[in-house]
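> generate a structure from the sequence data that follows.
(one chain, ligands or ions: 2)
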Amino acid sequence: MERGRAHVRAFVRELREPALRKWRESGGHVLERAAPGAVLDAYREAHVIALCALALDAQNSALTDRIRERNAGPLRGTGGPGAPRQRPKPAEHDDYSDGSDVQARLVEANVRPGKRELVLGAGAHEHAGSDGRPTRRVVADGCASEEECRLVVAGALLAFAGGFSRNGQSTLGISPALALRLAPATAAEGDARACAAMRCMYLLVERARRRTVAEYGLACELYVSDAQVARLQPVDDAAAARGARHAPGARGHDPWDVGLARGDQFSYWRPHIDQVSVRSYDFSALLYLSAHGADFGGGRLVLHDADAERVVLPRVGRLVLFPSGAESVHAVERVTSGTRFALTMWFTKSARDQQPDPEQRAWLEWARARVDAQPRGDKAPPSPPPRALHGRAPAAAGPPFASRLDGLRLSALCTLPAGDPLCRELLGAVALGSGSVERALAHGVGYDPTAVVDWHALALNPALVAAAAADGAPLPDEGERELPLLRADEWLHPRMEACAALLTALALPSDRAPDGARDGLHAHGRVDETDVASAGAGVASAAVGAHSKKPRAAAVVDAFSVFD
Ligand SMILES: O=C(O)CCC(=O)C(=O)O
Ligand SMILES: [Fe+2]
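Ligands and ions are numbered 1, 2, ... in the order given. Got it, this is the predicted structure:
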């Protein structure tokens with residue numbers, strides 16, 4: 001084990017510089033400009049670890065491919081777990097109508113060169129909108145502090161680690177799934193630091209919701225319909241035209257260019273009406289987390305009104321509000337350099353269309369109570385909510401997860417998007433105890449609950465590695481840079497073993513394939529088939545020639561991949 005750990009440490013040390021470079025390219029430069037503190041350092045370290053894990057996964061799959069080639073006959077065309085996946089092509093949406101005649105007509109009428117341009121400064125602005133009807137837009141500065149904005153960016157970066165983006169755009173839904181991913185359950189009660197970014201996101205959404213109620217003098221209740229962190233980066237036209245996915249900052253494919261984050265199929269620079277995408281949206285709210293000019297070039301918000309283009313320049317902590325309907329045809333100008341981060345929110349008057357997740361509601365209520373406590377100067381802010389899920393309290397008092405590992409497993413599972421049926425089922429299962437999680441998996445992805453569950457397989461998920469580091473890892477300080485990395489070796493170690501085993505297998509003469517691969521694995525020592533399956537399902541299946549029997553772990557991993 002010690003020798004293995006030394007390898008992991010050497011590996012991480014070697015990858016540290018390129019991983020840090022990647023962190024900057026994926027948006028970390030926004031944080032560096034503002035001299036990050038200890039918490040942000042921890043998020044950056046977690047990101048570096050997640051990227052190292054991703055690089056290992058990339059190595060694993062490259063090796064897997066080579067072994068599959070070597071073992072060509074029996075494995076070719078079987079569509080086994082290691083085979084390239086056929087993903088459905090996203091629908092083309094660039095005819096500017098989305099099936100909406102109103103949007104098509106208003107874009108045609110209002111998006112044209114030569115219009116005068118007016119910059120909207122801070123304040124409330126009343127004027128005729130895109131459809132000529134009077135409307136009110138609000139630009140409010142200082143709605144979030146620099147520190148809050150940086151924390152949200154740090155958390156989002158961690159969640160985006162190694163993820164693809166589409167058309168330079170990545171979005172991160174703020175949901176219970178993300179809550180579990182960024183704030184493993186064991187940290188929720190005791191360690192505010194680990195879930196600081198998540199709480200901050202909820203707090204800011206709630207602040208924006210209240211501000212919208214106040215600015216529009218609403219007598220009715222207003223609910224959160226959707227909320228996400230959006231990252232925009234420059235993208236080259238040819239790739240965008242192909243709808244290609246990019247690793248942020250990458251020019252071609254590199255070891256980091258793997259991931260699970262969802263890209264958005266829309267081009268953000270395309271003029272649109274928010275209500276056309278989701279009918280129940282009543283108000284759109286944007287809280288900018290990085291600054292036009294300082295953090296990125298381009299990226300201005302443009303409202304295409306009948307008489308003029310009204311432009312908003314994003315600044316850190318600046319909130320923009322506008323009704324989501326036909327009065328607000330808008331687009332974001334292309335980002336030409338750097339990284340633009342925004343918290344994008346949509347509110348609805350319809351109780352039916354609010355975000356339905358019970359845990360999220362519990363967190364929102366907590367956030368509301370916290371906002372209430374602030375002006376009163378209460379010394380003790382309310383404690384975070386218990387994890388009430390699907391109307392059921394956790395099985396026992398105290399933390400709902402028996403161990404830290406339990407929390408981490410579930411945080412990995414919960415990288416599924418909120419609203420996804422499997423995600424729902426899993427979240428519901430959390431409330432009932434881990435036996436039900438297995439049953440939910442059995443139902444959702446054909447996981448075999450009677451087999452011995454090898455949860456270690458979930459170490460494949462970069463979020464889990466990141467969570468391991470974010471969850472209570474000692475904060476690095478000068479001279480102790482490696483502390484979180486040492487903890488990460490638990491998670492990286494099995495993958496290192498798998499890589500080494502595969503290399504051994506590759507060195508064997510090809511006439512011994514496919515058994516050669518299996519022998520190679522055993523020859524490597526401590527690695528038996530179970531270990532290898534736990535280190536990488538795709539790797540294992542190719543390496544041991546188990547193409548006809550889908551390993552359990554692969555079933556779980558596939559479940560993630562269909563949603564990305
Ligand atoms: O980020 C912005 O300024 C606007 C984003 C937007 O229009 C959208 O996400 O629908
Ligand atoms: Fe929009």
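
> can you pull the phi/psi pair for the residue lying closest to Glu215 once chain neighbours are set aside?
Using CB to CB, 6 or more residues apart in numbering and skipping residues adjacent in sequence, the residue nearest Glu215 is Val138, 4.9 Å away. (C-beta placed from N, C-alpha, C; glycine too.) Val138 adopts backbone torsions of phi -120, psi 130, taken as degrees, to the nearest 10.

> next: Leu319.
Residue torsions, per degrees, to the nearest 10, at Leu319 are phi -110, psi 130.

> tell me the contacts of it?
Leu319 is in contact with Val138, Val139, Ala140, Asp141, Cys143, Ala144, Ala208, Arg211, Ala285, Leu286, Leu287, Tyr288, counting by CB atoms under 8 Å, 6 or more residues apart in numbering.

> narrow those to those that are buried.
Of all the contacts of Leu319 considered here, the ones buried according to neighbour count by 16 or more other CB atoms under 10 Å are Val138, Val139, Ala140, Cys143, Ala144, Ala208, Arg211, Ala285, Leu286, Leu287, Tyr288.

> okay if I get those as JSON lines plus secondary structure, distance to ligand 1 and pLDDT?
Formatted as JSON lines, the buried ones among the contacts of Leu319 follow (DSSP: H, G, I helix; E, B strand; the rest coil; distance: CB to the nearest ligand atom, whole Å; pLDDT from 0 to 100):
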{"residue": "Val138", "secondary structure": "strand", "distance to ligand 1": "14", "pLDDT": "98"}
{"residue": "Val139", "secondary structure": "strand", "distance to ligand 1": "11", "pLDDT": "98"}
{"residue": "Ala140", "secondary structure": "strand", "distance to ligand 1": "14", "pLDDT": "98"}
{"residue": "Cys143", "secondary structure": "coil", "distance to ligand 1": "14", "pLDDT": "95"}
{"residue": "Ala144", "secondary structure": "coil", "distance to ligand 1": "15", "pLDDT": "94"}
{"residue": "Ala208", "secondary structure": "helix", "distance to ligand 1": "13", "pLDDT": "92"}
{"residue": "Arg211", "secondary structure": "helix", "distance to ligand 1": "16", "pLDDT": "94"}
{"residue": "Ala285", "secondary structure": "strand", "distance to ligand 1": "10", "pLDDT": "98"}
{"residue": "Leu286", "secondary structure": "strand", "distance to ligand 1": "5", "pLDDT": "98"}
{"residue": "Leu287", "secondary structure": "strand", "distance to ligand 1": "9", "pLDDT": "98"}
{"residue": "Tyr288", "secondary structure": "strand", "distance to ligand 1": "7", "pLDDT": "98"}
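
> report pLDDT for the closest residue to Gly173 other than its chain neighbours.
Distances taken as CB to CB, 6+ apart put Gln228 closest to Gly173, at 5.0 Å, once the chain neighbours are dropped. pLDDT, Gln228: 88.

> how many other residues sit next to Gly114?
Using other CB atoms under 10 Å, Gly114 is surrounded by 4 other residues.

> double-check that it belongs to a strand.
No - read with DSSP: H, G, I helix; E, B strand; the rest coil, Gly114 is coil and lies in no strand.

> give me the average confidence score over the helix or strand harbouring Leu118.
Taking DSSP states H and E as the definition, Leu118 sits inside strand 117-119. For strand 117-119, the mean per-residue pLDDT is 97.

> that one: partners in the sheet, and parallel or antiparallel?
Applying DSSP bridges, strand 117-119 is found paired with strand 309-312 (parallel).

> is the strand it pairs with in proximity to ligand 1?
No - in terms of CB under 6 Å from any ligand atom, no part of strand 309-312 sits within range of ligand 1; the closest distance is 7.2 Å.

> list the buried ones in that strand?
Glu309, Arg310, Val312.

> which residue sits closest to the last one, ignoring its sequence neighbours?
Using CB to CB, 6+ apart and skipping the chain neighbours, the partner closest in space to Val312 is Leu301 (4.3 Å).

> same question for the second one.
Counting by CB to CB, 6+ apart, the nearest residue to Arg310 once its immediate chain neighbours are dropped is Leu303, at 4.3 Å.

> element containing the one you found?
For Leu303, the element it lies in under DSSP H and E is strand 301-304.

> with just CA atoms, put that strand into PDB.
Provided in PDB are the C-alpha atoms of strand 301-304 (Å, rounded to 0.1, in the frame of the first residue of the first chain):
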ATOM      1  CA  LEU A 301     -26.500  41.300 -22.000                       C
ATOM      2  CA  VAL A 302     -28.500  42.800 -24.800                       C
ATOM      3  CA  LEU A 303     -32.300  43.400 -24.700                       C
ATOM      4  CA  HIS A 304     -33.500  43.800 -28.200                       C
END
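
> so which elements touch that strand?
helix 101-110, strand 309-312, strand 330-332 (3 or more CB pairs under 8 Å, 6 or more residues apart in numbering; DSSP states H and E).

> can we see that at 10 Å?
Other elements packing on strand 301-304 under the criterion 3 or more CB pairs under 10 Å, 6 or more residues apart in numbering; DSSP states H and E are helix 101-110, strand 134-140, strand 309-312, strand 319-323, strand 330-332.

> for the following helix or strand past the shortest one, buried residues please.
In the C-terminal direction, the helix or strand that comes right after strand 330-332 (DSSP H and E) is strand 335-338. Neighbour counts over strand 335-338 (16+ other CB under 10 Å) mark Val335, Gly338 as buried.

> name the helix or strand for the residue nearest to Gly173, please.
Here Gln228 is assigned to strand 223-232, by DSSP H and E.

> and the nearest residue to Arg137 once chain neighbours are set aside, what does it touch?
In this structure, Arg137 finds its nearest non-sequential neighbour in Phe322, 4.5 Å apart by CB to CB, 6+ apart. Counting by CB atoms under 10 Å, 6 or more residues apart in numbering, Phe322 makes contact with 120, 125, 129, 135-139, 212, 274, 283-286, 301, 303, 310, 312, 328, 330.
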